[in-house]
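Asks: what's the 3D shape of this:
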Amino acid sequence: MSSNKTLYKDLIAFHPGSYVEDIVEDLNITQKEFAKRLDATPKSISRLINGEEKLSDELAMKLSKLTGMSLETWLNLQKKYDAKILEIKEKELEEEEEEICRQIDFKYFKNLKLVEDRRFKINEKIEFLRSLLNISSLTYLTKLNPGISFRNTSQFNDTSVINANILLEIASNLARNKTDTKLNKRKLERFLPEIKKMTLMDYQDFSGVLEEKLLECGVILVALPSLKNAQINGATKRFINGSVLLMITDRNKDSDIFWFSLVHEIGHILSSDFYDNDLSNEEYQEKEKRADDFAKSFFIEDDAYESFLASKDFTKEALIAFSKESSIDPSILLGRLQKEDIVPYGTYEELKRRYSININ
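Replies: Reported below is the predicted structural model:
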C-alpha cells in the first residue's frame, strides 16, 4: 500500500496525493515535468504524492486549473482525508484503551463504592475511569508519572504501571485541595517519636490520629486498599500549593511492611527526594537507599541492631525483649530480620499484626 493511503481494518484514508499520483501516471510524465506544468517545485509535488504534507490552498488552486476539477473538490479531498485519519486514530485508541481496561480489576471500584455494583460494558468502564481519573484517555496510565516517587518500581511491568498510576490518581483526587498548609519539615520531625509509639497500636486506634497529625505538618495521608497488580506499598507527590501527598496501601497487609513503607516515604519527604525524570538508575537507587536507611535507623538505632545481631539469639523471646527495649512492635524487628535472611519467612508470624484499609 502506498504511503499516501492509510489502511486500518475496514477503514481506508486516501491522501490527496494519491489522486495527484494517478493524474501524473495518466499523463505518462515524470513528477518533475508535472511540477513544471503546475508551476510548483518538484519537492512539494513529491512530498504531496508521498502523503508527507497536506494539500495547500495554493496547490489546490493550481490543480483545479490544471485538471478542470473545482477548487472545492480538491479542498474537500484534504478534509475527507483528515476526517478519516481521525476516525482511524480513534479506532486504534479505542482498542488500546480496551486492552488497558482489561488489565484493571474493576471490582476494586465497586468495593470502594465509587461505582454501582452491576455489570458494565467495556466502553462504560472506560468512560467511568476517564471521569474518575480526570484523563482523556487510559493511555495516560501506561507511563509512570514524572512527578511521583513510587516505592518498589524495580518490579514494575506494564500492568503494574497502569494499576500503580490508578492508585496514585485516586489518592490525588482524595487529597487535592484538602489543605493549604505547606510542608513543615521541622514539625514533621518533631512528630516522629509519636509515630514510633503508634507501631504498638492496632490500625483503627492510630489511623485517625496519624492522619490528623500529618495534616498539621502539610502532609496529606491517603491510605488505600491494595489494587490487584499495582505492586506498590507507598508513594509521595508534591502539590503546587506546597503540601505533600503520602499514599500508603495495605498490600501484603503485614504491619511491618506498612510501617516501613510509611517511614520510607517520610524519609523521601524530609530529604525532598521526590521523583525526577532526569535521574539515572544509579541515582534513583541511591535515593531509595537513603529512604530505606532512614526507615531502618528510625525504628532501631544502628549500634543497638548490630549488638542484637552479635548476640546470635533470634528466638521469639529475644525478639520480643529487644523490641520492647526499642519501643517498637516486634513485627518491625521480625520483618527486618526476614528481609535480611537472618530469620526465615514464615517464622514467628504470630508476632505480626494484619492491617486492612477501608474507605468510608
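Asks: for the residue sitting nearest the centre point of the chain, which three-state class applies?
Replies: Residue closest to the average C-alpha location in the chain (CA atoms, centre = their mean): residue 165, at 2.8 Å. Following DSSP: H, G, I helix; E, B strand; the rest coil, residue 165 is assigned to helix.
Asks: find the nearest non-adjacent residue to residue 224, please.
Replies: Closest residue to residue 224 apart from its sequence neighbours, by CB to CB, 6 or more residues apart in numbering: residue 249 at 5.3 Å. For the C-beta atoms, the positions are set from N, CA and C on the backbone; glycine is no exception.
Asks: torsion angles phi and psi at the one you found?
Replies: Note on residue 249: its backbone torsions stand at phi -120, psi 170 [degrees, to the nearest 10].
Asks: touching, it and residue 265? I think so.
Replies: No - contact criterion CB atoms under 8 Å: residue 249 and residue 265 do not qualify, at 11.1 Å.
Asks: what sits in contact with each of those two?
Replies: By CB atoms under 8 Å, 6 or more residues apart in numbering, residue 249 and residue 265 have these common neighbours: residue 234.
Asks: list the residues that contact residue 171.
Replies: 222, 224, 235, 237, 245, 247.
Asks: now tabulate those residues in JSON lines and tack on neighbour count.
Replies: Output for the contacts of residue 171, formatted as JSON lines (neighbours: other CB atoms under 10 Å):
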{"residue": "222", "neighbour count": "22"}
{"residue": "224", "neighbour count": "23"}
{"residue": "235", "neighbour count": "28"}
{"residue": "237", "neighbour count": "21"}
{"residue": "245", "neighbour count": "23"}
{"residue": "247", "neighbour count": "27"}
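Asks: and those, which is closest to residue 112?
Replies: In terms of CB to CB, no member of the contacts of residue 171 lies closer to residue 112 than residue 224, at 8.5 Å.
Asks: wait, that closest one sits on residue 245?
Replies: No - contact between residue 224 and residue 245 fails when scored by CB under 8 Å: they sit 11.4 Å apart.
Asks: can you give me the strands in the stretch 201-350 of the chain?
Replies: In the stretch 201-350 of the chain, the strands defined using DSSP state E, counting those that start in this stretch lie at 219-224, 234-238, 244-249.
Asks: just to revisit the earlier point, looking at the contacts of residue 171, spot the one nearest residue 274.
Replies: Closest to residue 274, out of all of the contacts of residue 171 and judged by CB to CB, is residue 237, at 7.4 Å.
Asks: what is the burial count for the closest residue to residue 192 other than its chain neighbours?
Replies: In this structure, residue 192 finds its nearest non-sequential neighbour in residue 298, 6.9 Å apart by CB to CB, 6+ apart. Residue 298 has 20 neighbours, counted by other CB atoms under 10 Å.
Asks: kindly report the same for residue 31.
Replies: 16.
Asks: is it true that it touches residue 45?
Replies: Yes - using CB under 8 Å, residue 31 makes contact with residue 45 at a distance of 5.3 Å.
Asks: ok, now which ones touch the residue nearest to residue 45 when sequence neighbours are not counted?
Replies: Leaving out its chain neighbours, the residue that sits closest to residue 45 by CB to CB, 6+ apart is residue 35, at 4.4 Å. Under the criterion of CB under 8 Å, 6+ apart, the neighbours of residue 35 are 41-42, 44-45.
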